[in-house]
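**Q** this is the structure alone, sequence omitted:
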């Protein structure tokens, strides 16, 4: 599985659950697939966990579905 910055960016651009909120349990519904910001990356998503990449298990599915 690719885990480089380019792939993290490409996956985040395509993820419908990308949430740049960064806060835990704040209750905000900040999920978006907006790519208006250059720092769009899995690493800037609240669902990112270094050991698993995505706590929602979407990373591998997006990589496979989009041939990244």
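**A** Structure received. Computed from a predicted structure; not experimentally measured.
**Q** phi and psi next, for the spatially most central residue of the chain.
**A** For the chain, the residue nearest the mean C-alpha position is residue 42 (3.2 Å; Cα atoms, centre = their mean). Backbone torsions of residue 42, given as degrees, to the nearest 10, read phi -60, psi -30.
**Q** so what's residue 61 up against?
**A** If a contact means Cβ atoms under 8 Å, 6 or more residues apart in numbering, then residue 61 has no contacts. All C-beta spots, glycine's among them, are computed from the backbone N, C-alpha and C.
**Q** Provide the secondary structure category for it.
**A** Secondary structure, DSSP: H, G, I helix; E, B strand; the rest coil: residue 61 is helix.
**Q** wouldn't the residue nearest to the centre of the chain be in contact with residue 10 here?
**A** No. Assessed by Cβ atoms under 8 Å, residue 42 is found out of contact with residue 10, at 9.5 Å.
**Q** sorry, back to before: next one: the residue nearest to the centre of the chain from residue 60, what distance?
**A** Distance, residue 42 to residue 60, by Cβ to Cβ, to the nearest Å: 11 Å.
**Q** identify the contacts common to the two.
**A** residue 53.
**Q** SS state for residue 13?
**A** helix.
**Q** and for it, the neighbour number?
**A** Residues near residue 13, counting by other Cβ atoms under 10 Å, number 15.
**Q** quick check: it touching residue 39?
**A** No. Counting by Cβ under 8 Å, residue 13 does not reach residue 39; the two are 11.6 Å apart.
**Q** anything in contact with each of these two?
**A** Between them, residue 13 and residue 39 share no contacting residue under Cβ under 8 Å, 6+ apart.
**Q** contacts only, for the nearest residue to residue 40 once chain neighbours are set aside.
**A** Nearest residue to residue 40 in three dimensions, chain neighbours excluded: residue 12, at 4.7 Å (Cβ to Cβ, 6 or more residues apart in numbering). Residues near residue 12 by Cβ under 8 Å, 6+ apart: 18, 35, 40-42, 44-45.
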